[in-house]
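Asker: test case, fold it:
(2 chains)
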Amino acid sequence: MGTPLRVLIIEDSEDDTLLLLRYLQVNGIRPAHKRVETYEELDAALSATDWDLVLCDYTLPTLSPAEAVRRVRQYDEHVPLIIVTVFVGKPELVQLVKLGAQDVVLKDNLARLKPVIERELAEAQLRRDKMVAEAHLVSAIESITEGMALYDSDDRLIVCNRRYREILNKCASLIMPSTRFEDILRHAVGYDQLEEIGDDPEEFIQRRLALHRLPGAPFEQKLSGDRWVRIEERPTADGGLISVLTDITEHKKLDMMKDEFMSVVGHELRTPLTSIKGSLALLESGIAGTLTDQARTMIHIAHKNSDWLIRLINDFLDLQKIEFGKMQFEFSELAIEPLLEEAVLANQYYAEEYGVCLRLVPMKDTITVKANYDRLMQVFANLLSNAVKFSPSGSAVSIGAKLNGDAVRISITDQGIGIPESFRKRVFQKFSQADASDTRKKGGSGLGLAISKAIVENHDGCIGFRSTEGRGTTFYFDLPAGRPEPVEIAAEHNIQANSAASFES
Amino acid sequence: MTIPEKVIQVKKLKRITYVEDEPDIRAIAQIALETIGGFTLNVCESGQEAVAAVPAFRPDMILLDIMMPGMDGVQTFHCLRAMPDMKDVPIVFLTAKAQRHEIKGYKVLGAAAVIAKPFDPITLSDKVRSIWECTQSSR
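Answerer: Predicted structure coming up:
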């Protein structure tokens, strides 16, 4: 036999109590009971221990059953409470159930008592388990460092943790179960909890509501007091929504410090270089007096190297910015052919120095891409100058574009030395050159291809190459295409040298 | 009867106020602008000096460094713009803080152009002249 069932019996008659106990025993229930018949006794019994079952008579001279039920519920909201009585009217029954009695069993139909007890014991256990599970859940939600809230399919708050209320501190009074998300949002906007929401608060609210109904990627939101949160929302299976707020203020501050640091480093390095490069350029020009041939050679070397150092610094800062996602890319729909023409013109002068001819492959269609003009030109410049550098004098480098499924593939092909097998894996790595002496010989920073890759990937594109040693290399990159329009086929043409000096700014 | 062709008289750039706190860069730019460019230069070491000097010097154009101790380039810019005779004088920033978004910010401010450091002293004068021509033709 298990542990005895702790039964509290509210009953004035000792005989009836004995009868009840006998009934329980006969039905396999081993009771450890206490009988009470006054409020004092009831309170004492309730505060002395926990009870598994309360049986309460209805016709008591010393206490009202309604008050007895109320007092029991005050101590324990789950214990099964069954009224055992000779008679009870319907209104009284309803009142007792309202107050927290589970059932009423008539004394002349005591056979019903056993199943009622069994049922109610099981249900009380379920209620207790559910409460424990809820307590676990609440404690788990409370202990996470993120703010968390669960909204139902009507967009009303079901539950949230303390952190959620802390983050939205100006709305704390409003954040309670069944409040609509829209009310919290409007309050947050009205009391300047949310910052940088644009000029039209109503438009912001509508946009935010739409996002709340159809959550997408996480986004960042500035809050009052120079704080930032990342908001991540996900739909739940029952049509509700879970919203997680992560405080990213520190992260944002670090980001800003990094930006500032990079800007200062750029400035501090460029300032002395401005003097060095400027002095050397003036000396080399002969403005400060005629130089001997040897001196001019030395000055030329120093000048060339200061240029290289400047390029290195610029490339390095560029790459940092792109990698940290700090470079702002504004995209527009660009026709690719004029772009390629411009790229060829811009790099013609450089190609001529190497005795290399730049050739534009004619295109069948007008192809457009969604891209950032400046950054795309930077990729062209990197790839074209690379191709030129590694091409033999008298050879040609061609650039062309064609549709490749949903993408535009831009290819730059040289007839150069090709990329050695052993180097192919490292081509797009920072500061990589096939031959360590290449950096000096070819005057590159070793960052051009890493930058190009970063830029192309920022355009949702990809970059690659094909190379045969001794035959040449093709670098290509794919960008998402715009809408093509068919045009007449143009003849292949070579762009003539353009010797116009270009500004460097 | 022939109608005489209208002569477009573009004023030539002659007088430039150049503000730079860094003495080495100042020396280089001075050679570049005076010796190569042939401009008449008023060289100032600080924003305050420039604000004090321009009423008497009456420059056609002002070249302004941005990162300077005391009054920086942007403050100097606002000070100069507030002077009645200076409100139409083109101001060009010369700066080593020439990240793309920074350049954009200076243009929004009302700068005629931004020249990035390190600049090439050999072509600096040509560049300044072409900026000047742009500002004149857009009038």
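
Asker: tell me which helix or strand of chain B sits lowest on mean pLDDT?
Answerer: Each helix and strand of chain B was given a mean pLDDT (mean pLDDT, DSSP states H and E); the minimum falls on helix B:100-109 at a mean of 76.

Asker: what score does the residue nearest in space to the middle of chain A have for pLDDT?
Answerer: Closest residue to the average C-alpha location of chain A: A:P218 at 4.0 Å, with CA atoms, centre = their mean. In the predicted model, A:P218 carries a pLDDT score of 89.

Asker: hmm, it is touching A:R230, no?
Answerer: Yes: contact between A:P218 and A:R230 holds when scored by CB atoms under 8 Å: they sit 5.4 Å apart. In short, each C-beta sits where N, CA and C put it, glycine included.

Asker: so A:R466, which of the three states?
Answerer: When classified by DSSP: H, G, I helix; E, B strand; the rest coil, A:R466 comes out as strand.

Asker: mind listing what it touches?
Answerer: Residues in contact with A:R466, defined by CB atoms under 8 Å, 6 or more residues apart in numbering or on different chains, are A:T473, A:T474, A:Y476.

Asker: among those residues, which lie within strands?
Answerer: Counting by DSSP state E, the members of the contacts of A:R466 that fall within strands are A:T473, A:T474, A:Y476.

Asker: okay, and the beta partners of the first one?
Answerer: Yep, that's A:T473 we're talking about. A:T473 has these beta-bridge partners by DSSP bridges: A:S467.

Asker: in the helix or strand containing A:A124, what's buried?
Answerer: Per DSSP states H and E, A:A124 falls inside helix A:113-143. By neighbour count, and taking 16 or more other CB atoms under 10 Å in any protein chain shown as the criterion, the buried residues in helix A:113-143 are A:L113, A:K114, A:V116, A:I117, A:E120, A:L121, A:A124, A:I141.

Asker: ok, now stretch A:141-154?
Answerer: Taking 16+ other CB under 10 Å as the neighbour-count basis, stretch A:141-154 is seen to contain the buried residues A:I141, A:E146, A:G147, A:M148, A:A149, A:L150, A:Y151, A:D152.

Asker: got the CA coordinates for that stretch in PDB?
Answerer: As requested, C-alpha coordinates have been extracted for stretch A:141-154 and formatted as PDB (Å, rounded to 0.1, in the frame of the first residue of the first chain):
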ATOM      1  CA  ILE A 141      12.300  32.900 -20.200                       C
ATOM      2  CA  GLU A 142      13.300  35.200 -17.300                       C
ATOM      3  CA  SER A 143      16.800  33.900 -17.200                       C
ATOM      4  CA  ILE A 144      17.800  34.600 -20.800                       C
ATOM      5  CA  THR A 145      19.600  37.800 -21.500                       C
ATOM      6  CA  GLU A 146      17.400  38.800 -24.400                       C
ATOM      7  CA  GLY A 147      14.100  40.500 -24.200                       C
ATOM      8  CA  MET A 148      11.400  38.000 -25.200                       C
ATOM      9  CA  ALA A 149       7.700  38.300 -25.900                       C
ATOM     10  CA  LEU A 150       5.100  36.000 -27.300                       C
ATOM     11  CA  TYR A 151       2.200  37.400 -29.200                       C
ATOM     12  CA  ASP A 152      -0.900  35.500 -30.200                       C
ATOM     13  CA  SER A 153      -2.500  35.300 -33.700                       C
ATOM     14  CA  ASP A 154      -4.500  38.500 -32.800                       C
END
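
Asker: write out the residues of chain B neighbouring chain A.
Answerer: B:22, B:24-25, B:28-29, B:31-32, B:35-36, B:67, B:96-102, B:114-123, B:127 (CB under 8 Å from any CB of the partner chain).

Asker: among those, which ones are buried?
Answerer: Neighbour-count burial (16+ other CB under 10 Å) applied to the residues of chain B next to chain A gives B:22, B:25, B:28-29, B:31-32, B:36, B:67, B:96-99, B:102, B:114-123, B:127.

Asker: out of these, which are inside strands?
Answerer: The members of these that map onto strands under DSSP E are B:V114, B:I115, B:A116.

Asker: quick one: low-confidence parts of chain B?
Answerer: Per-residue confidence for chain B (pLDDT under 70) gives these ranges: B:1-9, B:98-101, B:139.

Asker: pLDDT weak spots in the stretch 201-350 of chain A?
Answerer: Counting by pLDDT under 70, the stretch 201-350 of chain A contains low-confidence residues at A:324-328.

Asker: all helices of it, in order?
Answerer: A:201-213, A:249-285, A:293-323, A:336-353 (DSSP state H, counting those that start in this stretch).

Asker: out of these, which is closest to A:T236?
Answerer: In terms of CB to CB, the element of the helices of the stretch 201-350 of chain A nearest to A:T236 is helix A:201-213, at 13.0 Å.

Asker: and the closest one, what's buried?
Answerer: Neighbour count says helix A:201-213 has A:F204, A:I205, A:R208, A:H212 buried, by 16+ other CB under 10 Å.

Asker: next one: stretch A:179-187
Answerer: When burial is assessed from 16+ other CB under 10 Å, stretch A:179-187 yields the following buried residues: A:T179, A:F181, A:I184, A:L185, A:R186, A:H187.

Asker: I'd like those as JSON lines, with distance to chain B and secondary structure appended.
Answerer: Listed next are the buried residues of stretch A:179-187 as JSON lines, based on distance: CB to the nearest CB, whole Å; DSSP: H, G, I helix; E, B strand; the rest coil:
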{"residue": "A:T179", "distance to chain B": "41", "secondary structure": "coil"}
{"residue": "A:F181", "distance to chain B": "35", "secondary structure": "helix"}
{"residue": "A:I184", "distance to chain B": "35", "secondary structure": "helix"}
{"residue": "A:L185", "distance to chain B": "31", "secondary structure": "helix"}
{"residue": "A:R186", "distance to chain B": "33", "secondary structure": "helix"}
{"residue": "A:H187", "distance to chain B": "34", "secondary structure": "helix"}
